[in-house]
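Q: This is a predicted model, with the sequence first.
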Amino acid sequence: MNTHTLSLPQIAVLATGGTIAGRAGDASKTAGYKAGVVGVDDLLDAVPGLDAVARIHAEQIASIDSKDMSTALWTTLASRINALLAQDDIDGVVVTHGTDTLEETAYMLHLTVKSAKPVVLTAAMRPSTALSADGPLNLLNAVTVAASNDAAGQGVLVAFNNQIHSARDVTKISTYAVDAFRSPETGVLGFVQDGRVEFQRSVTKPHTTASQFVVTEAWPMVEIVASYADASRVTVDALVAAGVKGIVVSGTGNGSIHATLTQALMDAVKAGVAVVRASRVGSGHVMRNGAASDDALGTVSAGTLNPYKARVLLMLALAAGSEDAVVLQRLFDTY
Ligand code: SIN
């Protein structure tokens with residue numbers, strides 16, 4: 001190693017699978033492939049110029065399609081990231097992940113990583129074998145962001161298609177496009193292109209070192225139920241009977257809920273289940289006492305968190321012993 005190489009930051013790349021590690025039998029295939037089969041060393045070998053950006057410490061944490069992400073794997077991942085970032089010789093972490101549940105994992109890490117060092121998730125929409133695969137450039141950009149001093153203290157980030165998003169706000173918005181992520185209410189945090197990292201705004205809500213949440217091994221059962229035409233109470237009743245601790249409603253519009261489902265949820269609240277109103281719309285916020293009276297129902301409004309992120313926050317809050325609707329509302333207003 002020469003002096004220049006030694007002066008480069010050391011970034012840990014933790015691979016979990018996804019399309020970025022996907023392989024198809026034919027280079028023209030961008031949909032029919034198997035996700036999570038290419039190992040981290042091969043992913044890194046496909047990125048020319050990476051060694052000029054950072055020294056890499058690579059680990060294979062999992063090899064899954066992220067549709068199969070589990071809370072057990074979340075515990076492993078968050079714990080490993082916290083351990084690595086506590087080391088003086090690690091300057092940042094990059095996680096390669098599938099796009100499908102990336103926003104959930106990213107938000108979970110945003111609330112449970114206890115370090116100001118950069119943590120950047122990246123992914124790909126095309127498998128590694130595809131013509132114009134997007135993974136190598138996304139990975140190079142993610143390492144570039146993780147190696148940047150400007151990324152410190154910004155919470156967990158997502159580097160994708162030259163954009164930098166906050167884990168809190170980002171969501172997948174396309175089933176096929178390479179430009180697959182947006183932060184609908186807030187916009188991008190910045191961009192990364194040709195080695196240049198520029199942040200245009202910073203994150204205001206608490207995260208990482210300012211978050212009160214810690215990763216848990218005992219994730220409470222929290223499920224998501226949607227409201228739609230003719231929604232019945234069958235699912236909610238079955239969940240309550242199964243011992244669910246929390247339900248997030250993916251409501252219509254501003255978190256409005258079908259009358260039949262509303263009655264079932266009121267009964268769930270009476271049975272001690274925490275109920276959070278989110279929206280299936282994809283952007284906008286759900287206002288407390290807006291389209292439904294949270295005061296009357298005993299529910300909590302999710303604000304700008306989509307149902308999947310609301311579930312993450314509700315699980316962490318319940319795991320920390322916060323069950324009261326007033327306390328939960330304060331947490332949802334804060335985070
Ligand atoms: C996955 O989420 O693991 C598969 C889909 C993707 O990464 O785009």
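A: Nice, thanks for sending it over. Residues are numbered from 1 along each chain as shown.

Q: Low-confidence bits of the protein, can you list those?
A: Low-confidence regions of the chain, defined by pLDDT under 70, span residues 1-4.

Q: Just confirm residue 29 contacts residue 130, I think it does.
A: Yes. Contact criterion C-beta atoms under 8 Å: residue 29 and residue 130 qualify, at 6.8 Å. Where C-beta positions appear, they are placed from N, C-alpha and C, glycine not excepted.

Q: of these two, who's got more company?
A: Shown here are residue 29 and residue 130; by other C-beta atoms under 10 Å, residue 130 has more neighbours (22 against 16).

Q: Verify the stated contact: that one with residue 26.
A: No. Using C-beta under 8 Å, residue 130 is not in contact with residue 26, being 9.1 Å away.

Q: tell me the secondary structure for the closest residue to the ligand within the stretch 201-335 of the chain?
A: Going by C-beta to the nearest ligand atom, the ligand is nearest to residue 308 of the stretch 201-335 of the chain, at 13.1 Å. Under DSSP: H, G, I helix; E, B strand; the rest coil, residue 308 falls in the helix class.

Q: Neighbours of it, how many?
A: Neighbours of residue 308 under the rule other C-beta under 10 Å: 17.

Q: With the one 5 residues further on instead?
A: Look at residue 313: counted by other C-beta under 10 Å, it has 27 neighbours.

Q: hang on, the residue of the stretch 201-335 of the chain closest to the ligand packs against residue 223?
A: No. Using C-beta under 8 Å, residue 308 makes no contact with residue 223, being 11.6 Å away.

Q: How about the contacts made by the nearest residue to residue 52 once chain neighbours are set aside?
A: Distances taken as C-beta to C-beta, 6 or more residues apart in numbering put residue 8 closest to residue 52, at 7.9 Å, once the chain neighbours are dropped. With contact set as C-beta atoms under 8 Å, 6 or more residues apart in numbering, residue 8 has these partners: 52, 53, 54, 55, 147.

Q: how far away is residue 8 from the ligand?
A: Per C-beta to the nearest ligand atom, to the nearest Å, residue 8 is found 29 Å from the ligand.

Q: could you redo the contacts of residue 8 as TSV and give each row secondary structure, neighbour count and distance to the ligand?
A: Formatted as TSV, these follow (DSSP: H, G, I helix; E, B strand; the rest coil; neighbours: other C-beta atoms under 10 Å; distance: C-beta to the nearest ligand atom, whole Å):
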residue	secondary structure	neighbour count	distance to the ligand
52	helix	11	27
53	coil	19	23
54	coil	22	23
55	strand	18	27
147	coil	22	24
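
Q: quick one: the residue of the stretch 201-335 of the chain closest to the ligand from residue 38, how far?
A: 26 Å (C-beta to C-beta, to the nearest Å).

Q: On the three-state scheme, residue 111 is what?
A: Per three-state DSSP, the secondary structure class of residue 111 is helix.

Q: per the record, what domains does the chain have?
A: Using automatic domain parsing, the domain parsing of the chain gives 3-210, 222-334.

Q: Go through those and name the closest to residue 216.
A: domain 222-334 (4.3 Å; C-beta to C-beta).

Q: ends of that closest one, how far apart?
A: 20 Å (C-alpha to C-alpha, to the nearest Å).

Q: Look up how far residue 215 lies from residue 106.
A: Going from residue 106 to residue 215 by C-beta to C-beta gives 14 Å.

Q: same question, residue 326
A: Separation of residue 326 from residue 215 (C-beta to C-beta): 25 Å.

Q: More neighbours: which of the two?
A: Ranked by neighbour count (other C-beta under 10 Å), residue 326 and residue 215 place residue 215 first, with 22 against 9.

Q: Was I right to think the more buried one contacts residue 73?
A: No. Counting by C-beta under 8 Å, residue 215 does not reach residue 73; the two are 11.4 Å apart.

Q: Is there proximity between the lengthiest helix in the chain and the ligand?
A: Using DSSP state H to define each element, the chain has its longest helix at helix 71-85. No. Using C-beta under 6 Å from any ligand atom, helix 71-85 never reaches the ligand; the gap is at least 12.2 Å.

Q: Quick one: residues in contact with that helix.
A: Contacts of helix 71-85 (C-beta under 8 Å, 6+ apart): 12, 14, 16, 57, 59, 61-62, 64, 90, 92-93, 95, 105, 108-109, 112-115, 117, 119, 215-217, 219, 315.

Q: Can you find the residue of the protein that comes nearest to the ligand?
A: Closest point on the chain to the ligand, by C-beta to the nearest ligand atom, is residue 98, at 2.0 Å.

Q: And what about that residue, helix, strand or coil?
A: Judged by three-state DSSP, the three-state class of residue 98 is coil.

Q: What count of nearby residues applies to it?
A: By other C-beta under 10 Å, neighbour count at residue 98 equals 25.

Q: ok, it - contacts?
A: Counting by C-beta under 8 Å, 6+ apart, residue 98 touches 16-20, 35-36, 64-67, 69, 123.
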